[in-house]
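Engineer: Provide a 3D model corresponding to the input given below.
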Amino acid sequence: MKKYIIYILLFFCLSLHGQALFPLLSKTSESYTWTAKASTKNWIDIDMSANGKYQTAVAYDDSIYISSNYGKTWNAVDSGFLWRAVCVDSTGQHQYAIAIDAYIHKSDDYGVTWVEVSKIKKWVNIATSATGQYVTATSSTSGLSDSIYVSSDYGDTWTGILPLNYSWYYVSLSNAGNYQLVSTIHFINGYGYAYISADYGNNWSQKKYGRGFNVTMSATGQYAYLGSIYGDSIYVSLDYGDTWVGKEPVKAWRKITTSYDGAIVIGVVESDSIYVSLDYGDTWTGKDSPRSWRSVAISKNGKYQTAIVYNGQIYINNIYGN
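Structural biologist: Sure thing, here's the model as predicted:
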């Protein structure tokens, strides 16, 4: 009798938790097959909508390219600038792109047409909230200090905040836009701090010290990650950026990004591999071949992932998609 009760309980537990358990096993075993798309270009950054359908990439000395079919095909839509970074809201409708010595460009029609906003700056990085209403951009002035620039009206107007003796570097926003994570960098030694804002970028608290941090955070802002481009551990925070713990491996992280829940984290390392964590940054596995990886984007649930190569192609991982 005991044996039958144990079998029944085991079946119940597997039935109850199966939806969470088996997708994780599937991701671990078969989801990391990458397929080359688009032509060879100096790809520099990429982002995508929450469902992965709308994707936008920028080539450094070329154009903005958009895809509306999960990265399968790409079309050029704007050119003439030294593009640096791009960000896409959760629906894909509102998008922002930055270039060196140029205006911020924004699109309100899924990347089809673009208009210039803001001031001309040496823009470094840009990030948006889920709705596209809150946007934060970082800049440097010939390696000198500058401000964080924030917008709360879909990029129409911009305000400079918190100038420091460091140049502002990478930035990431929570879905609501209230939590923001940004890094600074000193252009002589590469060191700087990670800063956290809990009020839409108006006030900032100095947190982790390190060298050239890439930054990303989950939809709520609770889970946050730092990866140094100069070579260091991945630093993980589970408490909105208050405390940080280093995790292996030590790599020169070109870009890191996370799924909405913060569980799946992907990082790319130039002349190395794509590294994937399925457990909130605790353990990492290298995927694909060594290439000049430059940036990576991930959908809300982690099913769609796209990575780009400088002087190479765009690589998509859509095994769970159409």
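Engineer: Low-confidence bits of the stretch 101-250 of the chain, can you list those?
Structural biologist: Regions of the stretch 101-250 of the chain meeting the criterion pLDDT under 70 cover residues 141-145.
Engineer: which residues of this protein fall in helices?
Structural biologist: Ranges of helices within the chain are 2-30, based on DSSP state H.
Engineer: which residues touch the residue nearest the centre of it?
Structural biologist: Among the residues of the chain, the one closest to the centroid is residue 257, at 3.8 Å (Cα atoms, centre = their mean). Residue 257 makes contact with 216, 265, 266, 267, 296, 297, 298, according to Cβ atoms under 8 Å, 6 or more residues apart in numbering. From N, CA and C alone the C-beta is placed, and that goes for glycine too.
Engineer: Swap in 10 Å and give it another go.
Structural biologist: Shown in contact with residue 257 (Cβ atoms under 10 Å, 6 or more residues apart in numbering): 46-48, 172, 214-217, 225, 264-268, 295-298, 305, 307.
Engineer: Convert the C-alpha atoms of stretch 256-272 to PDB, please.
Structural biologist: Output in PDB follows, covering the C-alpha atoms of stretch 256-272 (Å, rounded to 0.1, in the frame of the first residue of the first chain):
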ATOM      1  CA  ILE A 256      25.000  40.900 -21.100                       C
ATOM      2  CA  THR A 257      21.200  40.800 -21.100                       C
ATOM      3  CA  THR A 258      18.500  39.000 -19.200                       C
ATOM      4  CA  SER A 259      15.000  37.600 -19.600                       C
ATOM      5  CA  TYR A 260      12.200  39.500 -17.900                       C
ATOM      6  CA  ASP A 261      12.200  37.300 -14.800                       C
ATOM      7  CA  GLY A 262      16.000  37.500 -14.500                       C
ATOM      8  CA  ALA A 263      16.500  33.700 -14.600                       C
ATOM      9  CA  ILE A 264      18.100  33.400 -18.000                       C
ATOM     10  CA  VAL A 265      21.200  35.600 -18.600                       C
ATOM     11  CA  ILE A 266      23.200  35.700 -21.800                       C
ATOM     12  CA  GLY A 267      26.600  37.300 -22.300                       C
ATOM     13  CA  VAL A 268      28.900  37.500 -25.300                       C
ATOM     14  CA  VAL A 269      32.700  37.600 -25.200                       C
ATOM     15  CA  GLU A 270      34.700  38.800 -28.100                       C
ATOM     16  CA  SER A 271      36.900  36.200 -29.800                       C
ATOM     17  CA  ASP A 272      35.300  33.700 -27.500                       C
END
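Engineer: now it: how far from the chain's centre is it?
Structural biologist: With Cα atoms, centre = their mean, to the nearest Å as the basis, stretch 256-272 stands 8 Å off its chain's centre.
Engineer: Kindly report the same for stretch 56-76.
Structural biologist: Counting by Cα atoms, centre = their mean, stretch 56-76 comes out at 16 Å from the chain centroid.
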